[in-house]
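Engineer: I'll drop the sequence and a predicted model, then ask my questions.
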Amino acid sequence: MTARTRAVPASSLLPHLWLALAALIFVSLTLAAHAQERTVRVGYQKYGTLVLLKGRGTLEPRLKALGYRVQWSEFPSGPPLMEALNAGAVDFGSAGETPPIFAQAASDALAYVAHEPAAPKGEAILVPKASPIQSVADLRGKKVALNKGSNVHYLLVRAIEAAGLSLSDIAPVYLAPADARAAFERGAVDAWVIWDPYFAAAEAGGNARVLADGTGLVPNHQFYLASKSFAAENGPALDAIVAAIAEVDAWAKDNTDAVAKELAPSVGIPAPILSVALKRQTYGIRPLDEAVTKEQQRIADTFHGLKLVPKTVDIAGAVRKPGS
């Protein structure tokens, strides 16, 4: 006896077909939404407002509402971050005064978006506590460690000029912060020019004495920068980033101890030391005005005059106008 195959009624297949069709439509719409979603690539350093913004997670919802997602990339200092901005590897980041100038000399790719107020006490020239060096003039013939092209490069230039010296009168030793600290602690260099929070950490270590900080020498501004192409094509997203930074700044200004606790794990420096650095920091992101633009141009002209950058750069021409 042969088994008979029962025919399945077409009506019983319809619910399954509708479910399959609905699932297909959902997947298609999801893929289309992701395809339309754009990415903002933000470069940050271990210390500063951007790493705090990353940790608090307040930028993502602002940009998601505009159809963007955020991709974060960490950099050890300003110079490599600016190189990445020039190369198109990131869209937005922050750095001190000097790195953008070196980046401008290499390419016309970046735009100044905003800055933080001057913080001259946030960087310094350090010597060992027992060092016979008592003034900047005593650095003649000495080995001085610094990160080439970083903010403190200009501090060193201004400090030795004020002391009647020139760069040729000292022996610069170009090292990243971690390597410079090691060289400083083992006595391989006579002085170290460094910024916070490494400055605060060296002070807390007990074997560093401040020879001079930036007071009366340099403003020590922090700049926020974007690639020109990103700024031109993504104005609303850029405005949203600035607004998110302003929000974090406003909170951080009055909550430095809480900020220190939040940053300590990622920075690798104890919260009490970070609190010292944060109290020397300034807050309140704002567009570049004429005075800040002229000061940045003065720094650029100084480095060109010293042949540290190969050509003149135009700061005003690279400043993004608010709302553009």
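Structural biologist: Ah, there it is. Residues are numbered from 1 along each chain as shown.

Engineer: other SSEs contacting the helix or strand where Pro100 lies?
Structural biologist: Here Pro100, judged by DSSP states H and E, is contained in helix 98-106. Under the contact criterion of 3 or more Cβ pairs under 8 Å, 6 or more residues apart in numbering; DSSP states H and E, helix 98-106 touches helix 78-87, strand 110-116, helix 151-162, helix 290-305. Using the backbone N, CA and C atoms, a C-beta is placed for each residue, glycine as well.

Engineer: ok, and what's touching the next helix or strand after the first one?
Structural biologist: Beyond helix 78-87 in the direction of the C-terminus, DSSP H and E gives the next helix or strand as strand 92-95. Identification of contacts with strand 92-95 by Cβ atoms under 8 Å, 6 or more residues apart in numbering yields 40-45, 48-50, 75, 78-79, 81-82, 84-85, 113, 151, 222-227, 230, 238, 241.

Engineer: pipe the helices and strands packed on helix 98-106 into TSV and attach distance to Pro132 per row.
Structural biologist: Below are these laid out as TSV (distance: least, Cβ to Cβ, whole Å):
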stretch	distance to Pro132
helix 78-87	32
strand 110-116	37
helix 151-162	18
helix 290-305	30
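
Engineer: out of those, which is closest to Ile245?
Structural biologist: strand 110-116 (7.7 Å; Cβ to Cβ).

Engineer: ok and that closest one relative to helix 78-87, angle-wise?
Structural biologist: Relative orientation of strand 110-116 and helix 78-87, computed by axes from the mean of the first three to the mean of the last three Cα atoms, to 10 degrees: 140 degrees.

Engineer: ok, Leu66 - how many residues close by?
Structural biologist: 14 (other Cβ atoms under 10 Å).

Engineer: was I right about it contacting Gly235?
Structural biologist: No: in this structure Leu66 lies outside contact range of Gly235 using Cβ atoms under 8 Å: 10.5 Å.

Engineer: do you know how far Thr49 is from Trp195?
Structural biologist: 14 Å (Cβ to Cβ, to the nearest Å).

Engineer: for these two, indicate the residue with more neighbours.
Structural biologist: More neighbours surround Trp195 than the other of Thr49 and Trp195, with 26 against 22 (other Cβ under 10 Å).

Engineer: and the closest residue to that one other than its chain neighbours, how far is that from Asn220?
Structural biologist: Nearest in space to Trp195, with sequence neighbours left out and distances taken as Cβ to Cβ, 6 or more residues apart in numbering, is Glu123 at 4.2 Å. Glu123 sits 6 Å away from Asn220, taking Cβ to Cβ as the criterion.
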